[in-house]
Each structure stands twice: as C-alpha cells, then as structure tokens.
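**Student:** need the 3D shape of this:
(2 chains)
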Amino acid sequence: GQQLNQSPQSMFIQEGEDVSMNCTSSSIFNTWLWYKQDPGEGPVLLIALYKAGELTSNGRLTAQFGITRKDSFLNISASIPSDVGIYFCAGVIIQGAQKLVFGQGTRLTINP
Amino acid sequence: GAGVSQSPSNKVTEKGKDVELRCDPISGHTALYWYRQSLGQGLEFLIYFQGNSAPDKSGLPSDRFSAERTGGSVSTLTIQRTQQEDSAVYLCASSLAWNQPQHFGDGTRLSIL
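**Tutor:** Model prediction:
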C-alpha cells in the first residue's frame, strides 16, 4: 500500500527560527494536505495543495506540491510558541472517497 | 460552533470486552471517516461512509471491528472482544462531500487493560 515518509521526526528550535519539514512517497497523490495536531485534539487542516508545482501560503506557513506529485514540503517562518505541536502530511487517494494516507508526523518543540 | 463530536473522550476497559465509540459529524456533512492513531504515529484509515453506506471497509483491521451509520448522521464504531493492541486514539472526520476537506473530532482514547 501507499506509504508516506515524513522527516524530520522531531525538531527542537529557538523561537523566531524558520522550520522546514517534508514528505516523500513512492506513489503519486492527487492532493497533498498538511495538518497540525495539538495534544488531546484532532488534526486541524493547515494547507491543501491540489496541483503539481503549486506553492501556497497561509500566513507564516508555506507549502509546495512537488512537480512529480510524490513529495511536498511545509515551511514555517519566524516560529512562535503556539507553533508547538505535531505536523502531519497527508496524501489523498481518490478511490470513491477521499482516503487520506498520513505521514508519521513531525513533533515541533520551541525553546523560548 | 458545532464541530465533529466524539464520545466518550476516554474509555478504559478490560481485554475481551466489547466497546462502542460514537461520532456526531458536522450537520449536513454526507461523508464520514474513521481513523486510528497509535501512540506517536500518524493516522490509519479504517472505514468511510457516504450517507449510510460504507463502500470502503478495506481499512478495518479484523472482523472484530464493525461500524454503522444511521440516518446519514451519527456513526458508531464497535470493537468486539477487545485486545491490548486495540489501544489507540480513534478519530472521526466528516466532510461536506466526498471531495471536500475532512474535519476531525478530538478522538476517543481507548485503553485496553
């Protein structure tokens, strides 16, 4: 089955630093999504990417859909304490439904 | 606002017992999904509903797992004869239509003793 490799697994940074994480796959996806999950809560959608090569921003977040449709990255600029959490990439498989295949997550910790 | 609501938020039960987990999707959302998240892992797809029917049950890990949805709204995920490896957070998501973004509930944390 499809698998996503997300890296890094964890990051420890200083407040104000930029962050970059990425996902790769051996399979092609039609859509890439990036979610953030806080402890005890469900994932919240941050950015959705629908076209190969697409670069999309949402405030301090920027994400790109790789041209091969097999990878995506997420950048966070000028990190702040509330950015702490676990970030997941997800690839969308269209098989009569939008089935999401998730990466293993990147745990972001910020030192003030 | 009325997001996806799941209950209970936590469930502790003994091995071998049956459990029922409930999901109330966002009103008007026709598609409903169940996922499982083991500790420190990403989400694993379990089952999808469009209306009351479940065209894709491919993710259910064994025949001890079943789910139903009635009235095109509330869904229950049932795990029979629970095993310790069933311990995880079970997350429900709903979307307005099959091709729309999925919105997640906060999950049910299931612990099997």
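**Student:** please pull out the lowest mean pLDDT helix or strand from the chain.
**Tutor:** Here I'm looking at chain A. The weakest-scoring helix or strand in chain A, judged by mean pLDDT, DSSP states H and E, is strand A:98-102 (a mean of 84).
**Student:** ah, no, chain B please
**Tutor:** strand B:53-56 (a mean of 80).
**Student:** in that one, what counts as buried?
**Tutor:** B:54, B:56 (16 or more other C-beta atoms under 10 Å in any protein chain shown). Quick note: C-beta positions are derived from backbone N, CA and C, even for glycine.
**Student:** now stretch B:31-42
**Tutor:** B:31-37, B:42.
**Student:** do any residues in it lie close to chain A?
**Tutor:** Yes: for a cut-off given as C-beta under 8 Å from any C-beta of the partner chain, stretch B:31-42 has contacts with chain A, namely B:31, B:33, B:35, B:40-42.
**Student:** quick one: terminal-to-terminal distance for that stretch?
**Tutor:** 21 Å (C-alpha to C-alpha, to the nearest Å).
**Student:** stretch A:16-27 too?
**Tutor:** 35 Å.
**Student:** picking that back up, can you dump the C-alpha atoms of the least confident helix or strand of chain A in CSV for me?
**Tutor:** Presented in CSV, the C-alpha positions along strand A:98-102 are these (Å, rounded to 0.1, in the frame of the first residue of the first chain):
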residue,chain,number,x,y,z
GLN,A,98,-11.0,10.9,-0.3
LYS,A,99,-9.0,8.4,1.7
LEU,A,100,-6.1,10.1,3.4
VAL,A,101,-2.7,8.4,3.8
PHE,A,102,-0.8,10.1,6.7
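**Student:** tell me the strands beside that strand, with direction?
**Tutor:** strand A:85-94 (antiparallel) (DSSP bridges).
**Student:** and the strand it pairs with, average pLDDT?
**Tutor:** The average pLDDT within strand A:85-94 is 90.
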